[in-house]
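[1] Build me a structure from this.
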Amino acid sequence: MIEWLQEHGIRIAIIVVIGFICWLIFRRIVPRVISRTIKYRMKDKSESIVKKRSRTISHVITNTIGVVIGIIVLFTILAQVGVNIAPALASLGIVGLAVSFGAQSLIKDIINGLFILTEDQYGIGDIVKVGGVSGLVEEVNLRRTVLRDLDGIVHYIPNSEVSIASNYTKEFSRVNLNVSVGYGEDLEKVIGVINRVCFRMCEETDWKKKIIKPPQVLRVDDLGSSGIDIKILGDTKPLVQWEVMGELRKRIKAEFDRQGIEIPWPHMKVFFGNKMVEN
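    Numbers count the residues shown, from 1 in each chain. Reported below is the predicted structural model:
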């Protein structure tokens, strides 16, 4: 045993150390190379988009390189201890062929994963809806997408299940909300009030950094059963649209209260002969 360790142990340790060092080197170099390449190819994109894209690609490539290095180290060690790896490699090829027939979903996962990455459908840090699940992308690789929803639940979605991918935060996001007012209100006055609230908010330093195109009234969107719906649209930086909409709702409600503008609630009128009862 001592002789075997003296003959092979040191070499095996050296092989493992070399493999580990190679992985560390690639782990440091790959993100830098990818970052520079993405910056060069996406000159017209914002810094946040470039960082998100670089992080996603780097994560996939470093993990793949780690697996390849691990396999090389394993076969090198087997060869060092006297195992004939030629039959093992041949057997691996046969097993791989057999597995491929029974693992078509895995192959589909990988193919879909390649399309997701090369087409930049989404990346780490995006808010997306895939496989019927919405959430923050925490990981993307060639086999699966990992999402965390608002309840903190983590969902592991095979890439083969991603037939439709909806990205809520690609390049920019949008404020899209309806505000309802009573039928007795002057719509021109209401629209003016809403636009002033939006304009004042966009002039503030903290919000100006987050808003690309100031929200404003687009149209009268619907004549509802209880009130008139007014559509407001605007563009924001990715991930902040919900924050902006929440602040807008709060400010519009406060301004409506000051102006005496009614925000309706569901009610109905019941007639008993000539008498009317309103609920």
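
[2] Only C-alpha atoms from now on, for both contacts and neighbour counts.
    Noted.

[3] what about residue 113, which helix or strand?
    In the assignment (DSSP states H and E), residue 113 maps to helix 104-118.

[4] Following the chain onward from that helix, which element is next?
    Heading C-terminal from helix 104-118, the first helix or strand you meet, by DSSP H and E, is strand 127-130.

[5] What lies in contact with that next one?
    122, 134-137, 157, 161-169, 239 (CA atoms under 8 Å, 6 or more residues apart in numbering).

[6] which stretches of the stretch 101-250 of the chain have low pLDDT?
    101-104 (pLDDT under 70).

[7] ok so, going back, just the CA coordinates of the helix holding residue 113, formatted as CSV?
    C-alpha atoms of helix 104-118 as CSV (Å, rounded to 0.1, in the frame of the first residue of the first chain):
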residue,chain,number,x,y,z
GLN,A,104,-34.9,12.8,-25.4
SER,A,105,-36.3,15.3,-22.9
LEU,A,106,-32.8,16.0,-21.6
ILE,A,107,-31.6,16.6,-25.2
LYS,A,108,-34.6,18.9,-25.8
ASP,A,109,-33.7,20.8,-22.5
ILE,A,110,-30.1,21.4,-23.8
ILE,A,111,-31.3,22.5,-27.3
ASN,A,112,-33.8,24.9,-25.8
GLY,A,113,-31.2,26.1,-23.4
LEU,A,114,-28.9,26.9,-26.2
PHE,A,115,-31.6,28.9,-28.0
ILE,A,116,-32.4,30.8,-24.8
LEU,A,117,-28.8,31.8,-24.3
THR,A,118,-27.9,32.6,-27.9
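
[8] The residue nearest the centre of the chain and residue 221, how far apart?
    Nearest to the geometric centre of the chain sits residue 126, at 2.1 Å (CA atoms, centre = their mean). Going from residue 126 to residue 221 by CA to CA, to the nearest Å gives 29 Å.

[9] ok, now residue 230?
    Residue 230 is 5 Å from residue 221, by CA to CA.

[10] quick one: the helices in the stretch 1-150 of the chain?
    Along the stretch 1-150 of the chain, counting by DSSP state H, counting those that start in this stretch, helices occupy 2-4, 10-41, 47-80, 85-102, 104-118.

[11] and those helices, which one is worst for confidence?
    Ranked by mean pLDDT, the helices of the stretch 1-150 of the chain end with helix 85-102 at the bottom, a mean of 56.

[12] what does the domain assignment say about the chain?
    2-102, 122-167, 173-259 (automatic domain parsing).

[13] For residue 230 and residue 221, indicate the residue with more neighbours.
    Here residue 230 and residue 221 are compared on neighbour count by other CA atoms under 10 Å; more neighbours surround residue 230, at 21 against 15.

[14] Residue 180 is in contact with that one, correct?
    Yes: look at residue 230 against residue 180 with CA atoms under 8 Å: they come within range, at 6.1 Å.
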